[in-house]
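Chemist: Got a sequence here, can you build the structure:
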Amino acid sequence: MTFDFGKQTLFLLLYGFLAWTAEVVYFAVRKKKFVNRGLLSLPIDFEIGAVFSGVAFILPTLGRNYFGMYLITLADLVLVRSVVGFFCGRLTKNITWLEKAPSGSRRNLLFNLLAAGAILVVYLLLQPVFLVLAAALPGAVLTVLWVAAWALIAGNFAAVVFAMRKGRDSFERQREKGRADRLSAWISETVWKRLEKAYPGIRDEDRRTEISFAKGMSLDKLIWVFLISALLGDVIETLYCRLVGGTWMSRSSVIFGPFSFVWGVGAVLLTVSLNRLKDKNDRWILLAGGILGGAFEYMCSLFTELVFGKVFWDYSDMPLNIGGRTNLLFMFFWGILGLVWVKIVYPPLERFIEKAPPVAAKVLTWVILVLTVLNGLFTAAVLQRYNERQIGEPPSNVLEEFIDDTYDDAFVEHRWQNMVSADTGESA
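Modeler: Numbering: from 1, shown residues only. Predicted structure coming up:
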């Protein structure tokens, strides 16, 4: 199974259009008028389209395991909504929407449970038709489609964010003074007219506050949550292997440093998804954490197999497993971890991060982020060369020669001792 960007984009567009149409029809019946309530001006519900695209990629690996399909669909829905909501909230932080549903409410939880079921049913009914359509389109057509689609989506999104960040009033003042750029004014007026029609009473406000570092659910804070959790996760796993297995084993995801990216990304997803439930009953956090954690573990396993051709864990011999990539017991542990994270670990960690000096912390954050990205990319290159060496492929450039000389098979197999080939199942 390989990732086909053209087909996944096609699925996003098709399902996104259907979801947008359904919402338009619903509000047309309810309010007796056409209303485009999407953030984008395009006839696409990007959020739901992204959920379906993820479902279309992951669910074929589950066969006829409908329970597992539902759990993955539910987790996919919650993750996409949380991530999209977080970034939209940051990009449009001066906007008062007035019609937002309360985050983390029981009503919102019930909506997710029912929506996941509806998405799964729609997927099972329509995906065969869309697969036939995707297979009928030539590869060149799919390439042109995804390039054009993403260019339109990116351009439209940039225009909407530009107008909302600037605010309607700022352009009105510039226009009165004769200093408004015609294109900027047209973009702002078009976007705001549509949003005011869809969300009566929407307004932009000046919410500037004193300078502080990583206040609220900010990107800077999430970067540090990732880094700290990746470090602690590696330490915990290393000690666990020593205490249980009696051997010291590297659990790092990367070449340089003791960082487990799985723990880092997992902590970020738990923070974004579960922090809104911090004031709710513990059982809701336990349930949401278990579902999200299991889906995250499943997707991490699928990602490493597709990208690197390696399996880093396999639960096929355990009862109640889902495709060998996760199981209900570990999902329960994920739920406990989510509860502990939201109630005990994250609050003091959040206060600790916010105490950092604003300017120095900002600079340090992005320096470390760049180094971390480079570390991840170089690690991917090392694993790629390891796979190529297994089939006798010689190095083709100076970088590959350097990798072969410095990070040979012995180094890779010692660095990731529990790594096995996805094709043969044999240990590296």
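
Chemist: For burial, what's the neighbour tally of Glu413?
Modeler: 13 (other Cβ atoms under 10 Å). Bear in mind the C-beta positions are built from the backbone N, C-alpha and C, glycine included.

Chemist: quick one: what helix or strand has it in it?
Modeler: Here Glu413 is covered by helix 409-415, with elements defined by DSSP states H and E.

Chemist: name the helices or strands packed onto that helix?
Modeler: helix 358-390 (3 or more Cβ pairs under 8 Å, 6 or more residues apart in numbering; DSSP states H and E).

Chemist: And the next helix or strand past the helix it packs on?
Modeler: Using DSSP H and E, the next helix or strand after helix 358-390 towards the C-terminus is helix 398-406.

Chemist: now that following helix: mean pLDDT?
Modeler: Across helix 398-406, the average pLDDT comes to 89.

Chemist: That one to helix 358-390, inter-axis angle?
Modeler: Counting by axes from the mean of the first three to the mean of the last three Cα atoms, to 10 degrees, helix 398-406 lies at 80 degrees to helix 358-390.

Chemist: What lies in contact with helix 398-406?
Modeler: For helix 398-406, contacts defined as Cβ atoms under 8 Å, 6 or more residues apart in numbering pick out 381-382, 385, 389, 395.

Chemist: Show me the shaky parts of the chain.
Modeler: 1-3, 89-107, 166-182, 200-212, 307-308, 310-313, 418-428 (pLDDT under 70).

Chemist: Please enumerate the strands of it.
Modeler: 95-96, 203-204, 310-311, 321-322, 326-327, 420-421 (DSSP state E).

Chemist: Please parse this protein into its domains.
Modeler: Residue ranges for the domains of the chain, per automatic domain parsing: 5-204, 219-421.

Chemist: would you list those in TSV and tack on distance to Phe213?
Modeler: Shown next, in TSV, are the domains of the chain (distance: least, Cβ to Cβ, whole Å):
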stretch	distance to Phe213
domain 5-204	15
domain 219-421	4
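
Chemist: how much space between Glu393 and Glu413?
Modeler: 18 Å (Cβ to Cβ, to the nearest Å).

Chemist: can you pull the contacts of Ile236?
Modeler: Trp263.

Chemist: please renumber so the chain begins at 243
Modeler: All set: I'll call the first residue 243, so the last point we hit is now Ile478.

Chemist: CA atoms only for stretch 504-514, dumped as CSV, please.
Modeler: This file holds the C-alpha atoms of stretch 504-514, laid out as CSV (Å, rounded to 0.1, in the frame of the first residue of the first chain):
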residue,chain,number,x,y,z
VAL,A,504,6.2,9.3,19.0
TRP,A,505,6.0,10.6,22.5
GLY,A,506,6.4,14.2,21.4
VAL,A,507,3.8,14.1,18.8
GLY,A,508,1.5,12.1,21.1
ALA,A,509,1.8,14.8,23.8
VAL,A,510,1.0,17.5,21.4
LEU,A,511,-2.1,15.7,20.1
LEU,A,512,-3.3,14.9,23.6
THR,A,513,-2.8,18.6,24.6
VAL,A,514,-4.7,20.0,21.6
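
Chemist: Other residues contacting that stretch?
Modeler: Looking at what lies outside stretch 504-514 - Cβ under 8 Å, 6+ apart - the contacts are 321, 324-325, 328, 459, 464, 467-472, 474-476, 478-479, 495, 531, 534-535, 538-539, 542, 579-580, 583-584, 588.

Chemist: just checking, which of these belong to helices?
Modeler: Among those, the members falling in helices are 321, 324-325, 328, 464, 467-472, 474-476, 478-479, 531, 534-535, 538-539, 542, 579-580, 588 (criterion: DSSP state H).

Chemist: Buried among these? Need that as a selection in PyMOL.
Modeler: Restricted to buried positions by 16 or more other Cβ atoms under 10 Å, the PyMOL selection for the ones in helices among the contacts of stretch 504-514 reads:
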select buried, resi 321+324+325+328+464+467+468+469+470+471+472+474+475+476+479+531+534+535+538+539+542+579+580+588
